[in-house]
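Asks: next input, structure requested:
(one chain, ligands or ions: 1)
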Amino acid sequence: MRSPIPDYLADVMTACAPDEGGQVADYIPELAAVDPDQFALCLTTVDGAIHEAGDSGAHFTIQSISKPFVYALAIQELGLDAVLAKVDVEPSGEAFNELSLEEGSGRPLNPMINAGAIVTHTLAGPPADRFDRVLAGLSAFAGRPLDVDESVYASEAATAFRNYAIANMLRGHGTITEDPAAVVHGYTRQCAIRVTTKDMALMAATLANGGVHPITEEEVVDDAVVRQVLSVMTTCGMYDAAGDWLTTVGIPAKSGVSGGLIGALPGQVGIAAFSPRLDEHGHSVRGEDVFRRLSRDMELHMMNAAQPARATIRRTHTVRHAEGGDARVYALHGSIQFAGAERLLRDLVSRADELPTELVFDLSDVHAINATARRMILEVIRRLTLEGHHVTLVDPGATLPEPDSGSGVRPDVVGSVGEVSRTA
Ligand code: GLU
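Replies: You can find the predicted model right below:
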């Protein structure tokens, strides 16, 4: 059987294809020469499934989609505070190439507009090997060696008058101390790195996967770096259309003037679309339409209410304990975070007077417990034990490994409820 997902993606493209609105970017001469009808879509899951439609292997330059990834590399290299000292994280509500800095500090407002991205580029390493690091870093995000489109680079470097102006403004404020023209050359080269739609989907999926590439399994950046990057993509990635994007699509995203558009939905998917005609904000017209449809059809909006925490307790029941007496079994399921663990704690506290000595937490159907939920569950096990209960964990998948509650408390761990119960 063939997966229905590529068929669905092809249907989405068919629905979006007739829209020939917008213009290809013409302020970079080489971009003005591209075939405006190119169209591709790729969706990659965080466990590495790749679904493609259209010409997802066609090459184009990454342009501004490089910005979140170089921001990630700079934070990974220097730490967040050092990067924040140079570039703020406030949405500017302005166009990507606006000449604006924060009053007083001279910091660009965020790393997604050109002013912020030009500074961020200088934070990616010392001048001598900076570009090599940027190229290696973006290649790690993509999971294959990328290269530079030299003619797009030369074409933009010869005409990047606005970016030279921005860099000179940054130099005037002391935000950068290097030669402004050299910095713009480096940044322009970064924008001229060649990718395919599939590369971009994998780069986005690496962000969605907490910084670990879904296929190579390389940890490109830490998950704390990814959280910062996705937050900034959410508020600033779509420039002066960020509010409309967040409310209607709700996927942290970044666009580029060559017609690329990526979105990274944490824990689920990386999505990339490519279609060169742009709207007045500089975003791919058909790319935006694709994202709106995917978000709506597949319920991908990040603000969709998550699985309710009450679903954490699948059921409770009482069994005869192997050593006599009753045991109360809490069968838990799903992925447990703060609210799910709170639900379990609340149930235990509300029944404190009626709980038997023997308690069993059955984690057989739990697939993940985050660090906070783990601390909460271990603490309630500690308290229950100090109050005279005996807790057994049924944890065949080691979802709660090394369950040391402190104070010498360690629950028993078994592989099935059958091991602690006797058939009633
Ligand atoms: N290289 C482009 C510039 O700096 C990138 C802009 C974009 O993709 O939005 O003008």
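Asks: which bits of the stretch 251-400 of the chain sit near the ligand?
Replies: For the stretch 251-400 of the chain, the residues found near the ligand under the criterion Cβ under 6 Å from any ligand atom are 256-257, 282. C-beta here means a position set from N, CA and C on the backbone, and glycine is covered the same way.
Asks: in CSV: those residues, plus neighbour count, pLDDT and secondary structure.
Replies: Compiled in CSV, those are given as follows (neighbours: other Cβ atoms under 10 Å; pLDDT from 0 to 100; DSSP: H, G, I helix; E, B strand; the rest coil):
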residue, neighbour count, pLDDT, secondary structure
G256, 27, 96, coil
V257, 24, 95, coil
G282, 22, 91, coil
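Asks: using a markdown table, lay out these together with distance to V212.
Replies: Supplementary listing: those in a markdown table, determined by distance: Cβ to Cβ, whole Å:
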| residue | distance to V212 |
| --- | --- |
| G256 | 24 |
| V257 | 29 |
| G282 | 31 |
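Asks: can you tell me which of these is nearest L246?
Replies: Distance to L246, by Cβ to Cβ, is smallest for G282 among those, at 17.2 Å.
Asks: where does pLDDT dip in this protein?
Replies: In the predicted model of the chain, residues 306-310, 423-424 satisfy pLDDT under 70.
Asks: now with 80?
Replies: For the chain, applying pLDDT under 80 flags the ranges 1-2, 93-95, 98-100, 103-104, 305-310, 422-424.
Asks: which residue ranges of it form strands?
Replies: Counting by DSSP state E, the chain forms strands over residues 40-45, 50-54, 60-61, 147-148, 193-195, 253-255, 260-265, 269-274, 313-321, 326-336, 358-369, 390-394, 412-414, 421-422, given from the N-terminal end onward.
Asks: save the ones you listed as a markdown table, and put in mean neighbour count too.
Replies: Output for these, formatted as a markdown table (neighbours: other Cβ atoms under 10 Å):
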| stretch | mean neighbour count |
| --- | --- |
| strand 40-45 | 26 |
| strand 50-54 | 21 |
| strand 60-61 | 24 |
| strand 147-148 | 14 |
| strand 193-195 | 24 |
| strand 253-255 | 29 |
| strand 260-265 | 30 |
| strand 269-274 | 29 |
| strand 313-321 | 15 |
| strand 326-336 | 20 |
| strand 358-369 | 20 |
| strand 390-394 | 21 |
| strand 412-414 | 15 |
| strand 421-422 | 16 |
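Asks: nearest to S405, of the ones you listed?
Replies: The stretch from these with the least distance to S405 (Cβ to Cβ) is strand 390-394; that distance is 8.8 Å.
Asks: what's the closest one in contact with?
Replies: Under the contact criterion Cβ atoms under 8 Å, 6 or more residues apart in numbering, strand 390-394 has outside partners 327, 357-364, 381, 384-385, 400, 403, 411-417, 419-420.
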